[in-house]
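*Asks:* below are the sequence and a predicted model for it; my questions follow.
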Amino acid sequence: MSTRTRYWLMKSEPGDFSIDDLARVGTEPWTGVRNYQARNFMKDGMQVGDGVLFYHSNTQVPGIYGIARVASTPYPDPTQFQKTSKYFDPKATPEQPRWFLVDVAFERKLAGGIALDTIRQHAEQLGEDFALIRKGTRLSVLPVSAAQWKLLLSLETP
DNA sequence: GCCAACGTTGGC
DNA sequence: GCCAACGTTGGC
């Protein structure tokens, strides 16, 4: 068993669910991921306590705006079974769920955020394996190395 | 709102 | 199993 802390980045559209929303509710099931690669990171990769960079996408200044923690083991995303949900998946059954999620818990907001612009300026240091700025990659859940985590947080502008 | 770059679906 | 059509993501 590994006790190594792992790190992730998770995207959300702030109009849909923002870091302020997470601050208000405390803990939130990360519903709606419908990409297999992103799902697998949650289902097979995440452990309770892992660090999460909370990223705002599709907004005026995209970037990292807070820190959260993985707060549950993976379990089936309930919205896949809800006919009225926009995340409903007719091919999923409770016996054979397709989509899994974890709960995410608020830790803190980043004072000034870390803009995507700023992140790009450090592309070389972050390295090829940083999926956020890899060309053609649009993963909404992606792994972050300890070194990348450290570097990214050093870019916080108070 | 545009659109490039992906991912998924389904006919064949 | 190919691939065209369609849907989605997400920066700009």
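*Replies:* Okay, I see it. Predicted, not measured: the structure shown is a model, and the values here were computed from it.
*Asks:* strands paired with the helix or strand containing A:Tyr55, and their directions?
*Replies:* In the assignment (DSSP states H and E), A:Tyr55 maps to strand A:51-56. The pairing partners recorded for strand A:51-56 under DSSP bridges are strand A:7-12 (parallel), strand A:63-70 (antiparallel).
*Asks:* that one: how far from the chain's middle?
*Replies:* Counting by CA atoms, centre = their mean, to the nearest Å, strand A:51-56 is centred 5 Å from the centre of its parent chain.
*Asks:* surely A:Thr31 meets A:Leu101?
*Replies:* Yes - A:Thr31 sits in contact with A:Leu101 when judged by CB atoms under 8 Å, with a separation of 6.0 Å. Every residue, glycine included, has its C-beta placed from N, CA and C.
*Asks:* which residues do the two both contact?
*Replies:* A:Asp77 (CB atoms under 8 Å, 6 or more residues apart in numbering).
*Asks:* which stretches in chain A count as strands?
*Replies:* Secondary structure of chain A by DSSP state E: the strands cover A:7-12, A:27-29, A:51-56, A:63-70, A:75-76, A:100-101, A:103-115, A:141-144.
*Asks:* and the longest one, which strands flank it?
*Replies:* Yep, that's strand A:103-115 we're talking about. Partners of strand A:103-115, by DSSP bridges, with direction: strand A:27-29 (antiparallel), strand A:63-70 (antiparallel).
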